[in-house]
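Chemist: Dropping the sequence and predicted coords here.
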Amino acid sequence: MQDQATDVWVTGIGLVSSLGDGKTAHVEKLASEAVRPVLNETTYSPYTVHPLAEVDLGRQIAKKSDQRQMEPWQRIGVYAAGQALEDAGVKGDAGLLGKTNLVVAAGSGERDTAVDAKILATIGTSDTALLAKEVLPTALRPTLFLAQLSNLLAGNISIVHNVTGSSRTFMGEEMAGMSAIENAVRRIGAGQGELFLVGGALNAEREDLLLEYELGRNLWSKPFRGVWERREDGGGYVPGSMGAFLVLEARSHAEARGRKPYARIAGVGSDRSRRNPGDVTKTLDSLARDVAPAGTFAVLSGACGVETATSEEQAWLSKLSADGRASGVRAYGSLLGHGVEAHFPAGIALAALAIDGGKFYPPFGGPDLERPAAGPCERVLVTAVGHGHGEALALLDQAI
């Protein structure tokens, strides 16, 4: 049994999305029954994205030179990481930063679509000599290539915020975010570290990203609807720009420096199914036996809208509600969009904020599954079902 001293506390939150900049903006927006998703339905038509809210990068990335050498998704991540460190009282403290372990969920780097188009146009003329002599040497600069490596998000966080503990980067879409959270939680529980900065970021306003995901027929291309309402037209997800980072800390370490937690991560688990019919249900059942075997809780669903995974999760959550275990369900992707690598960390952040505030969010729209929740918010189950692979659950409760 885990020692109470190594309970995992959430002591810092950094969150930026289409709804706003910072934890306070998100709490205020999500607490309002009048909140509506912020959408860009024209630039990438017929696809919709949730664009990033206006952000003053200089508040967390002081040097313009640092900002310039990062791709947008890296800036989003470095910015949110700085928020989390500041919120936890770690930012600027060399002693704490020196033992802060970094765990990042990252996608592949952003492509230069102008260069891609130029190369394709050259290939179309069959002028391979021109491609070899002029286009490739001038366009594919080493600095450009290095700026797109996935582990440079962690590198930039380390450089900008002076985080100098261990560093790990996970890749693999939603599964990366699940693994990053689980890795940090389990390492704290095993006594392998006391202080972790963990999270991810996504820039949804990328033509290359939209192309890649639409080639797999994953995107929603019809007029916008919430996550639960896309089933009848084949499903799909709407990408959302977001950065979500958390400071996770062993209870004993947080208490020693006088930090109060937002919530405790009572359990977390992940798995990967083959996605045959019924596999998502079986995996969620198996994870729930370990993560949330008893009691009632509110649910923040990371459902993305892709079928048939979302329908299976919806049916699973409906059964939890019918059994009296789920006091209310909210699919936060209906308002924030789908953040892929950052989606599960964002769900953990929103759950911790709800527990800290003692009140669950009003319904985000959709079926009867999202009915109003009565009573104080003391426990929240966060679900994650990736669009192609990966399933996870995390249970958060009050830190007492």
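Modeler: Nice, I can see it.

Chemist: looking at this protein, which helix or strand is least sure?
Modeler: Here the helix or strand of the chain ranked lowest by mean pLDDT, DSSP states H and E is helix 142-147, holding a mean of 49.

Chemist: After that helix, which helix or strand is next?
Modeler: Later in the chain than helix 142-147, the nearest helix or strand by DSSP states H and E is helix 152-161.

Chemist: Okay, strands next: where are they in this structure?
Modeler: Along the chain, the segments classed as strands by DSSP state E run 8-17, 20-21, 101-105, 167-170, 195-202, 242-250, 263-271, 297-301, 326-331, 379-385, 391-397.

Chemist: Direction included, what does the second one pair against?
Modeler: It refers to strand 20-21. strand 8-17 (antiparallel) (DSSP bridges).

Chemist: could you give the angle of the partner strand to strand 391-397?
Modeler: Computed with axes from the mean of the first three to the mean of the last three Cα atoms, to 10 degrees, the direction of strand 8-17 lies at 110 degrees from that of strand 391-397.

Chemist: Domain map for this structure?
Modeler: Following automatic domain parsing, one gets these domains for the chain: 8-111+148-397, 113-144.

Chemist: is it possible to export those to JSON lines including mean neighbour count?
Modeler: Just so you know, the C-beta spots here come from the backbone N, C-alpha and C atoms, and that holds for glycine as well. Shown next, in JSON lines, are those (neighbours: other Cβ atoms under 10 Å):
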{"stretch": "domain 8-111+148-397", "mean neighbour count": "21"}
{"stretch": "domain 113-144", "mean neighbour count": "12"}
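
Chemist: and the ones you listed, which one is worst for confidence?
Modeler: Between those, the one with the least mean pLDDT is domain 113-144; it has a mean of 66.

Chemist: now the end-to-end length of stretch 334-346.
Modeler: End-to-end distance for stretch 334-346: 13 Å, by Cα to Cα, to the nearest Å.

Chemist: can you give me how far that stretch is from the chain middle?
Modeler: Distance of stretch 334-346 from the chain centroid (Cα atoms, centre = their mean, to the nearest Å) equals 5 Å.

Chemist: Closest to the centroid, which residue in this structure?
Modeler: In the chain, the centroid-proximal residue (Cα atoms, centre = their mean) is residue 342; its distance is 1.9 Å.

Chemist: roughly how far apart are it and residue 65?
Modeler: Distance, residue 342 to residue 65, using Cβ to Cβ, to the nearest Å: 25 Å.

Chemist: which residues touch the closest residue to residue 7 other than its chain neighbours?
Modeler: Excluding the flanking residues, the one nearest residue 7 by Cβ to Cβ, 6 or more residues apart in numbering is residue 251, at 4.0 Å. For residue 251, the contacting residues are 4, 5, 6, 7, 8, 9, 261, 264, 399, by Cβ atoms under 8 Å, 6 or more residues apart in numbering.

Chemist: how about a cut-off of 7 Å?
Modeler: 4, 5, 6, 7, 9 (Cβ atoms under 7 Å, 6 or more residues apart in numbering).

Chemist: swap in residue 380?
Modeler: Contacts of residue 380 (Cβ under 7 Å, 6+ apart): 297, 298, 300, 351, 354, 355, 396.

Chemist: ok, and the closest non-adjacent residue to it?
Modeler: That would be residue 351: by Cβ to Cβ, 6+ apart, it lies 3.9 Å from residue 380.

Chemist: Residue 221 now?
Modeler: What sits nearest to residue 221 in space, not counting adjacent residues and going by Cβ to Cβ, 6+ apart, is residue 46, at 4.4 Å.

Chemist: Please report the distance of residue 383 from residue 228.
Modeler: 13 Å.

Chemist: hmm, back to that, how about the strands of the chain, which one is nearest residue 113?
Modeler: Of all the strands of the chain, strand 195-202 sits nearest to residue 113, with 17.0 Å by Cβ to Cβ.

Chemist: Which secondary structure elements does that closest one sit against?
Modeler: Contact here means 3 or more Cβ pairs under 7 Å, 6 or more residues apart in numbering; DSSP states H and E; on that basis strand 195-202 packs against helix 72-87, strand 101-105, helix 174-189, strand 242-250, helix 343-357.

Chemist: So the residue nearest to residue 226 when sequence neighbours are not counted versus residue 37, what's the distance?
Modeler: In this structure, residue 226 finds its nearest non-sequential neighbour in residue 334, 3.8 Å apart by Cβ to Cβ, 6+ apart. Look at residue 334 and residue 37: by Cβ to Cβ, they are 7 Å apart.

Chemist: How about residue 94?
Modeler: Computed as Cβ to Cβ, the residue 94 to residue 37 distance reads 41 Å.

Chemist: Enumerate every residue touching residue 345.
Modeler: Residue 345 is in contact with 105, 177, 181, 198, 199, 200, 244, 245, 246, counting by Cβ under 7 Å, 6+ apart.

Chemist: and what of residue 376?
Modeler: 358, 359.

Chemist: ok so, going back, out of the strands of the chain, nearest to residue 308?
Modeler: strand 379-385 (10.5 Å).

Chemist: from the chain's centre, how far out does that closest one sit?
Modeler: On Cα atoms, centre = their mean, the centre of strand 379-385 falls 13 Å from that of its chain.

Chemist: Check stretch 362-381 too.
Modeler: Offset of stretch 362-381 from its chain centre (Cα atoms, centre = their mean): 21 Å.

Chemist: what's the nearest residue to residue 168 if we skip its chain neighbours?
Modeler: In this structure, residue 168 finds its nearest non-sequential neighbour in residue 103, 5.0 Å apart by Cβ to Cβ, 6+ apart.

Chemist: So the one you found is in contact with residue 183, correct?
Modeler: Yes: with contact defined as Cβ atoms under 7 Å, residue 103 reaches residue 183; the gap is 5.6 Å.

Chemist: Overlap in contacts, the two.
Modeler: residue 168.

Chemist: if I look at residue 341, how far off is residue 266?
Modeler: 24 Å.

Chemist: quick one on the thing from earlier: who's in contact with the residue nearest to residue 380?
Modeler: By Cβ under 7 Å, 6+ apart, the contact set of residue 351 is 263, 300, 380, 382, 396.
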